[in-house]
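> sequence first, then the predicted structure:
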Amino acid sequence: MNIKNQKVNYIVFRNLDNQICHSYLNSLELIINQSDHDQYFTFQAQGITGLLFTELLHKHREKIGKSVSRFPSNDVKYASRDSQSGAIMTYLAVNNGNVTLQQMADHFGYQKNYLSRLCKKLFDLDFIHLRLNIRMNLASEHLRLTNMSINEISSELGYRESSTFIQNFIKAKHMTPASYRNLYQKQQSENAHPEDP
């Protein structure tokens, strides 16, 4: 996304219920798994990849998981809305949402009040609620993908008291963190071992 930047940058697309994306991905997998990679297969893969990205970019605002994508650079003053919002979300996610408005303003070289207005403009949320959303998204990922305890997750996200973390999680997800993890594990188990008809 930024050739001057030597760091790896990427965008995570989510909620891809569009069947055409899955068809392109399945086709790419078939081509990649071919044993005799010749120029014909390379040409096919490039064509399908182009079609896939075209489809991903269609209504991309609804699909990009900005809190888990890694956008380049902190120099976003004159960047597009997407780059600005992506960089802000990345910064919050990398720091586990455990930053103040002043720290973030210093990082991007903005005045604190200007950054507050920019958050409202980009996300239609004030900084406090944007940070809370990031924390809850990260908490959900930790609960799904790790064996970290509730206390460990709470601490990593910068909460002094796990009870505050649990209250915020319930407000955001309408269930306790433990219930969320149990529900996810149950769904995974059912998907891995579907019952015979």
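That came through fine.
> determine the set of other helices and strands touching the helix or strand harbouring residue 21.
With elements taken from DSSP states H and E, the one containing residue 21 is helix 19-32. If contacts are counted by 3 or more Cβ pairs under 8 Å, 6 or more residues apart in numbering; DSSP states H and E, helix 19-32 sits against helix 39-57. (Each C-beta comes from the backbone N, C-alpha and C, glycine too.)
> model confidence over the helix it packs on, on average?
Mean pLDDT, helix 39-57: 72.
> return the distance of it from the chain's centre.
24 Å (Cα atoms, centre = their mean, to the nearest Å).
> may I see the buried residues of it?
Within helix 39-57, the residues that count as buried by 16 or more other Cβ atoms under 10 Å are 45, 48, 51, 52, 55, 56.
> check stretch 140-148 too.
140, 142, 143.
> correct me, but the second one touches residue 151?
Think residue 142. No: using Cβ atoms under 8 Å, residue 142 is not in contact with residue 151; the gap is 11.7 Å.
> ok, of the buried residues of helix 39-57, which one's closest to residue 173?
When the buried residues of helix 39-57 are compared for distance to residue 173 (Cβ to Cβ), residue 56 wins out at 26.7 Å.
> out of the helices and strands in this protein, which is least certain?
helix 60-63 (a mean of 56; mean pLDDT, DSSP states H and E).
> burial count for residue 116?
17 (other Cβ atoms under 10 Å).
> for it, give me phi and psi.
Phi and psi for residue 116, reported as degrees, to the nearest 10, are phi -60, psi -50.
> how near is it to residue 85?
15 Å (Cβ to Cβ, to the nearest Å).
> can you show me the helices along this protein?
With helices called from DSSP state H, the chain shows them at 19-32, 39-57, 60-63, 81-94, 101-108, 112-123, 127-145, 150-156, 162-173, 177-192.
> what's the least confident stretch among these?
helix 60-63 (a mean of 56).
> now, which of the buried residues of stretch 140-148 sits nearest residue 95?
Using Cβ to Cβ, the buried residues of stretch 140-148 come closest to residue 95 at residue 142, 14.8 Å.
> for the closest one, which non-adjacent residue is spatially closest?
Nearest in space to residue 142, with sequence neighbours left out and distances taken as Cβ to Cβ, 6 or more residues apart in numbering, is residue 153 at 4.7 Å.
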